[in-house]
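Engineer: all I have is the shape, not the residue letters:
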């Protein structure tokens, strides 16, 4: 029997409610920086603050009704995929960074290669092949056919 | 009135059949079909990915293409559901229940054939409704001022977030979150920079494409990496397998008509998602069947009815989107966003001011649906091959197309970070069982809601009761209140008695777990 995940069937709605309250309160605090105005002549701060209040109240509602939330069946036990999540996130960061300082080809290869490694069934070799194949498609479609303004290779910022 | 509609429709065909428009329509249908077949991709990701392409296009071909992608991907989704038991898109989860057993019995071709016929029939019916209902709706909509517009938007947002599956409170919370995301940027009234966190890139609002692809692309990959396990199968479909026999056609006819009516009814109601529509169509068939035990074992009715419902709903959904500017679901919100980007304000004046666009679109639905049928007959073998592309190859390539697609919207790398941000946010929300589709609805409608709210209160000198004083607005408000009251009632009833999990609920769970593009 695997360990119960941190967020599970019984406490999920408490987390959900808390998150909504946090976002709502943040919107209220942020919205207070802008002039509020009056109901007949609303300033830019009025609407965000009103939404923040509503969202925080909804969060309270979600947390308060968590106990009554009828729900059958067991949690599907899904282990966290830290490696996969991390690699997918990094692959997009790599696309931006390499796109800025290296050009289209390295950026394309990086996003495909790194994210392919997120799947445990992909090997280094298959990820490389997939990356190279995508680079080929990318050059033909985006650079040659669509004439996108993105240098294939660049150095020090495009 | 009717003669006028027919004359307009005739004009629409002349627009839709222009070679240039026809080409884009065909391209949309083809690409939509292809992306719809791919595992884990549905109409939303397909439209969002190709949205940047339309920025430089003329409005008419742009919308024709996006609409083509929409119904093309819907049809593609049915193929995956029937042949591989893989609902690449939750509305098709219910098609799996009987479609896949048919494939196992060697009747997969028949199921596809019936789906094709049912889709075409339902779409035609939906289009007809659209042709005759839109002008009527427009006459009413012309009476709308800011007060009425705010009330109906409130109704649309409430319906959109409560009528889908899952907790209604969470749906409403996501809508409000979407409205907040819509606030980011420069306030049109005062010029104040709101919630830009010092990024000048954000002063021009959050990019629609980045938001959509983050929520429905990246978030989905984060959720499913290493969790979707591809079950290959040897589905072989030949052309002649697809022709249903006379008896099968007769068997499927009545369910097809019932499904079409269910879809039309739900399409006209703003905010009801496609998933709930298909499940209701399926449940209805099972309820009235003389042999309900056949359902789940490969009953033809269980394929024909939900597929018909989903297609007629798709067409009818365009009515509120185009004529009042209230999108019924997330896909419609994207199409509305595309219209706004083109500088076209959806609303009652759209039909008169942009007659070429409106009637051309309607005519193109027919043209596109015919193209879809013609296309799928020879290409079915290729689609079966595409279906076998493993997820582990598919998602890295999709990530690349997402990155470059978002970059190309404004040639801005900053927006690629937006995708990542909303991907992570979306994945967290999904893990907490929030529906993410209402975020898009809130985002697109956000500025319109705020603008009309401000204007209505300016006109009434700050009197909030104005929304209950004007008759049309009062009507919408009453429906809003009824909606909330009903939800409260359902919630209480569900909390009071323990339900027994039935087949349908199990199916809904299946739909929920498999993908996130919902309602």
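Structural biologist: Nice, I can see it. Values in this document were obtained by computation on a predicted structure and should not be read as measured data.
Engineer: in stretch B:7-23, what's buried?
Structural biologist: B:8-9, B:12-13, B:15-16, B:18, B:21-22 (16 or more other CB atoms under 10 Å in any protein chain shown). (C-beta placed from N, C-alpha, C; glycine too.)
Engineer: to clarify, my last question referred to stretch B:372-388.
Structural biologist: So for stretch B:372-388, counting by 16+ other CB under 10 Å, buried means B:372, B:375-376, B:380, B:383-384, B:386-387.
Engineer: what's the closest of those residues to residue B:30?
Structural biologist: residue B:375 (6.5 Å; CB to CB).
Engineer: related to what we said a few turns ago, looking at the buried residues of stretch B:372-388, which are in strands?
Structural biologist: Among these, no member is found in strands (DSSP state E).
Engineer: helices - which of those land there?
Structural biologist: If you go by DSSP state H, these have B:372, B:375-376, B:380, B:383-384, B:386-387 in helices.
Engineer: helix, strand, or coil at the residue in chain A that chain B sits nearest to?
Structural biologist: Across chain A, the shortest distance to chain B (CB to the nearest CB) belongs to residue A:40, at 3.1 Å. The three-state label given to residue A:40 by DSSP: H, G, I helix; E, B strand; the rest coil is coil.
Engineer: TSV for the buried residues of stretch B:372-388, including pLDDT?
Structural biologist: As requested, these are exported to TSV (pLDDT from 0 to 100):
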residue	pLDDT
B:372	85
B:375	83
B:376	80
B:380	79
B:383	79
B:384	77
B:386	76
B:387	73
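Engineer: what about chain A: which of those residues touch it?
Structural biologist: With CB under 8 Å from any CB of the partner chain as the criterion, the buried residues of stretch B:372-388 include none near chain A.
Engineer: what's the closest of those to residue A:137?
Structural biologist: Nearest to residue A:137 among the buried residues of stretch B:372-388, with distances taken as CB to CB, is residue B:386, at 15.4 Å.
Engineer: check contacts around the closest one.
Structural biologist: B:34, B:37-38 (CB atoms under 8 Å, 6 or more residues apart in numbering or on different chains).
Engineer: stretch B:50-58: which residues count as buried?
Structural biologist: Buried, per 16+ other CB under 10 Å, within stretch B:50-58: B:50-54.
Engineer: what is the mean pLDDT for it?
Structural biologist: Averaging pLDDT along stretch B:50-58 gives 82.
Engineer: just how off-centre is that stretch within its chain?
Structural biologist: When distances are taken as CA atoms, centre = their mean, to the nearest Å, stretch B:50-58 is centred 19 Å away from the chain's centroid.
Engineer: that stretch: end-to-end distance?
Structural biologist: End-to-end distance of stretch B:50-58 (CA to CA, to the nearest Å): 14 Å.
Engineer: which of the contacts of residue B:386 fall within helices?
Structural biologist: B:34, B:37.
Engineer: what would the contacts of residue B:386 look like in TSV with distance to residue B:471 and neighbour count?
Structural biologist: Listed next are those as TSV, based on distance: CB to CB, whole Å; neighbours: other CB atoms under 10 Å in any protein chain shown:
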residue	distance to residue B:471	neighbour count
B:34	49	19
B:37	49	28
B:38	49	24
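Engineer: any chance of a markdown table for the contacts of residue B:386, columns distance to chain A?
Structural biologist: Listed next are these as a markdown table, based on distance: CB to the nearest CB, whole Å:
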| residue | distance to chain A |
| --- | --- |
| B:34 | 14 |
| B:37 | 18 |
| B:38 | 15 |
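Engineer: and of the contacts of residue B:386, the nearest to residue A:17?
Structural biologist: For the contacts of residue B:386, the nearest to residue A:17 is residue B:38 (35.9 Å; CB to CB).
Engineer: is it true that that closest one touches residue B:389?
Structural biologist: Yes: using CB atoms under 8 Å, residue B:38 is in contact with residue B:389, at 6.7 Å.
Engineer: apart from its chain neighbours, what residue comes closest to residue B:178?
Structural biologist: residue B:442 (2.3 Å; CB to CB, 6 or more residues apart in numbering or on different chains).
Engineer: so the one you found sits in a helix?
Structural biologist: Yes: assessed by three-state DSSP, residue B:442 belongs to a helix.
Engineer: and it, what does it touch?
Structural biologist: Taking CB under 8 Å, 6+ apart as the test, what residue B:442 contacts is B:157, B:174-182.
Engineer: next step: the residues you listed restricted to helices.
Structural biologist: B:157, B:174-182.
Engineer: would you turn the residues you listed into TSV with distance to residue B:342 and neighbour count?
Structural biologist: Listed next are the ones in helices among the contacts of residue B:442 as TSV, based on distance: CB to CB, whole Å; neighbours: other CB under 10 Å:
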residue	distance to residue B:342	neighbour count
B:157	23	26
B:174	27	27
B:175	25	30
B:176	28	29
B:177	27	26
B:178	22	28
B:179	23	28
B:180	26	27
B:181	22	20
B:182	19	26
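Engineer: among those residues, which one sits closest to residue B:256?
Structural biologist: residue B:157 (32.7 Å).
Engineer: how near is that closest one to residue A:60?
Structural biologist: From residue B:157 across to residue A:60, the span is 20 Å (CB to CB, to the nearest Å).
Engineer: in three-state terms, how would the spatially most central residue of chain A be classified?
Structural biologist: Nearest residue to the geometric centre of chain A (CA atoms, centre = their mean): residue A:89, 8.0 Å. Assigned by three-state DSSP, the conformation of residue A:89 is helix.
Engineer: for it, give its distance to residue A:96.
Structural biologist: Taking CB to CB, one finds residue A:89 at 11 Å from residue A:96.
Engineer: repeat that for residue B:194.
Structural biologist: Using CB to CB, which is the criterion applied here, residue B:194 is 25 Å from residue A:96.
Engineer: repeat for residue B:254
Structural biologist: Residue B:254 is 55 Å from residue A:96, by CB to CB.
Engineer: who has more neighbours out of these two?
Structural biologist: residue A:96 (21 against 14; other CB atoms under 10 Å in any protein chain shown).
Engineer: show me what contacts the more buried one?
Structural biologist: Applying CB under 8 Å, 6+ apart, the residues near residue A:96 are A:107, B:413, B:416-417.
Engineer: kindly recompute the last result at 6 Å.
Structural biologist: Contacts for residue A:96 (CB atoms under 6 Å, 6 or more residues apart in numbering or on different chains) come out as B:413, B:416.
Engineer: and the residue of the stretch 201-350 of chain B found nearest chain A, backbone torsions?
Structural biologist: In the stretch 201-350 of chain B, the residue that lies nearest chain A is residue B:225 (3.8 Å; CB to the nearest CB). For residue B:225, the backbone dihedrals are phi -60, psi 130 (criterion: degrees, to the nearest 10).
Engineer: what's the pLDDT at the residue nearest to the spatial centre of chain B?
Structural biologist: Nearest to the geometric centre of chain B sits residue B:331, at 3.7 Å (CA atoms, centre = their mean). Listed pLDDT for residue B:331 reads 82.
Engineer: fine, thanks again, bye for now.
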